[in-house]
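Participant: got a sequence here, can you build the structure:
(one chain, ligands or ions: 1)
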Amino acid sequence: MNLRWTVHELRLHHPFTIARGSSMTRRVVVTELEHDGIVGRGEAAPIARYGETVESVLHFLSTFDLSRFPDPFALDAVLGAADAHHAGNAAAKTAIDLALHDWIGQRVGLPLWKYWGLDPASAPVTSFTIGIDAPEIVEQKVREAEGFSILKIKLGGEDDRAIIRAVRRATDRLIRVDANEGWKKKEDAVEKIRWLEQEGVEFVEQPMPAEDIAATAWVRDRVTMPLIADENSLRLHDVPGLMGAFDGINIKLMKCTGLREAHRMIATARACRMKVMIGCMIETSVGITAAAHLTPLLDYADLDGNLLIENDPFVGVRVENGRLILPDHPGLGVHPRD
Ligand code: MG
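Facilitator: Okay, the predicted model is just below:
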């Protein structure tokens, strides 16, 4: 098997701000695995929070020798070796995992959802994310997002209440909140969540810093709104330890090394009686479509990363009134935009 890769600079429609910072462009790496006349595509959207950059992805891909593996169907052997190659590097590993899955789907002639036995009609509606901004800008962004019935509002700063009031001036739609670890004191987190409970918020993602699971459990005992782990839910081995502190997990392919491990996380979370959501980074339609193939298994989807960019080089999953329309083409079902 041969792997090649291209760096893409994605331009965003709006500067994207969360509790940790702000940006106008994002770079990702798109991989192509060619074998036996079939090209499978993957993507790495590196997450700075976990020490990955485009440069570290390129280093990983250029030092992991895929040519010693003759068979793309040997997922366990290839992905096990990739995982052992270097610790961390989850997005780089995802770029290999997705390319293998895309290749396999094309070879057997089935879209991945069908290969996995799923019903695309049961894919949940996706939310659309509104980044942190001045309340009047938030209000305007909410009005612009009228095609989406569920909004995910980024909080985690001083203006949280003003932001939610701005959202509520514009809409009575269902909203979800992502604090991105922004609430540092557990007493403050409880107070904010109780206030959000009055504002029609369905759940809150990662209210407290990831290193303080005990504080999150303390908060959970004092609120009724479900808490969903994101920065605390990176890989399979994280899931059992979240019981009691969280009601569900947010899986992202770029955190967990790809579709193979995502399947295992879903099964483990279900065994722990937890809800499962799938989220994303700012990614092209390659990464977003891969995640979308899992959504019939899940409670919540937050797959809008490709919608935030002006120059998505690919076409794959579509969104109609918030509904994810999974491709019928084999594999991921993505192709370059002409
Ligand atoms: Mg999050």
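Participant: skipping its backbone neighbours, what lies nearest Arg176 in space?
Facilitator: Spatial nearest neighbour of Arg176, excluding adjacent residues (Cβ to Cβ, 6 or more residues apart in numbering): Lys152 at 4.7 Å. For every residue, glycine as well, the C-beta is placed using N, CA and C.
Participant: just Phe64 next, same as before
Facilitator: His85 (4.9 Å).
Participant: pull up the gap between that neighbour and Thr257, please.
Facilitator: 11 Å (Cβ to Cβ, to the nearest Å).
Participant: of these two, which one has the most company?
Facilitator: Thr257 (25 against 15; other Cβ atoms under 10 Å).
Participant: which residue does the stretch 51-200 of the chain have closest to the ion?
Facilitator: For the stretch 51-200 of the chain, the residue closest to the ion is Asp178, as judged by Cβ to the ion, at 4.4 Å.
Participant: OK, contacts around the closest residue to that residue other than its chain neighbours?
Facilitator: Using Cβ to Cβ, 6+ apart and skipping residues adjacent in sequence, the residue nearest Asp178 is Glu205, 4.0 Å away. For Glu205, the contacting residues are 152, 176-180, 227-230, 250, by Cβ atoms under 8 Å, 6 or more residues apart in numbering.
Participant: low-confidence ranges in this structure?
Facilitator: 16-20 (pLDDT under 70).
Participant: so what does the top strand by length along it touch, helix or strand wise?
Facilitator: If you go by DSSP state E, the chain has its longest strand at strand 2-18. On a contact count with 3 or more Cβ pairs under 8 Å, 6 or more residues apart in numbering; DSSP states H and E, strand 2-18 meets strand 21-35, helix 54-63, helix 90-108.
Participant: close to the ion: what parts of the stretch 201-338 of the chain are there?
Facilitator: Contact residues (Cβ under 5 Å from the ion) of the stretch 201-338 of the chain with the ion: 205, 230.
Participant: closest point of the stretch 201-338 of the chain to the ion, which residue?
Facilitator: Counting by Cβ to the ion, the stretch 201-338 of the chain gets nearest the ion through Asp230, at 3.5 Å.
Participant: burial of that residue, as a residue count?
Facilitator: 22.
Participant: please apply the same query to Pro46.
Facilitator: 27.
Participant: pretty sure it is touching Ser56, no?
Facilitator: Yes - applying Cβ atoms under 8 Å, one finds Pro46 in contact with Ser56, separated by 6.7 Å.
Participant: may I see the buried residues of stretch 261-271?
Facilitator: 261-263, 265-266, 268-269 (16 or more other Cβ atoms under 10 Å).
Participant: just give me how far that stretch sits from the chain centre.
Facilitator: In terms of Cα atoms, centre = their mean, to the nearest Å, the centre of stretch 261-271 is set 15 Å apart from its chain centre.
Participant: got the phi/psi numbers for the residue nearest to the spatial centre of the chain?
Facilitator: Per Cα atoms, centre = their mean, the C-alpha nearest to the average position across the chain is that of Cys280, at 2.0 Å. The phi/psi pair for Cys280 (degrees, to the nearest 10) reads phi -160, psi 170.
Participant: mind listing what Ala87 touches?
Facilitator: So Ala87 contacts nothing (Cβ under 8 Å, 6+ apart).
Participant: can you say which helix or strand has it in it?
Facilitator: Under DSSP states H and E, no helix or strand contains Ala87.
Participant: tell me, what's touching Pro46 and Ser56 both at once?
Facilitator: Ala92.
Participant: got a list of contacts for stretch 264-277?
Facilitator: Taking Cβ under 8 Å, 6+ apart as the rule, stretch 264-277 contacts 226, 228, 233, 235-236, 239-240, 242-243, 246-251, 256, 294, 297-302.
Participant: mind giving me the ChimeraX select for the residues you listed, buried ones only?
Facilitator: Selection of buried members from those for ChimeraX, criterion 16+ other Cβ under 10 Å:
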select :226,228,233,235,236,239,242,246,247,248,249,250,251,256,294,297,298,299,300,301,302
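Participant: picking up where we left off before, helices - which of the buried residues of stretch 261-271 land there?
Facilitator: 261-263, 265-266, 268-269 (DSSP state H).
Participant: and which of those residues is nearest Glu187?
Facilitator: Ala269 (28.7 Å; Cβ to Cβ).
Participant: separation between the closest one and Asp299?
Facilitator: 10 Å.
Participant: joint contacts of the two?
Facilitator: In contact with both Ala269 and Asp299: 248, 275-276, using Cβ under 8 Å, 6+ apart.
Participant: between these, which is nearest Ser62?
Facilitator: Nearest member of the shared contacts of Ala269 and Asp299 to Ser62, counting by Cβ to Cβ, is Val276, at 34.0 Å.
Participant: beta partners for that closest one?
Facilitator: Ile249 (DSSP bridges).
Participant: ok, Pro72 - how many residues close by?
Facilitator: 22.
Participant: now do Asn2
Facilitator: Asn2: 10 neighbours (other Cβ under 10 Å).
Participant: next, count neighbours for the nearest residue to it once chain neighbours are set aside.
Facilitator: Here the nearest residue to Asn2 in space, its sequence neighbours aside, is Glu34; by Cβ to Cβ, 6+ apart that works out to 5.2 Å. Here the number of neighbours of Glu34 (other Cβ under 10 Å) works out to 14.
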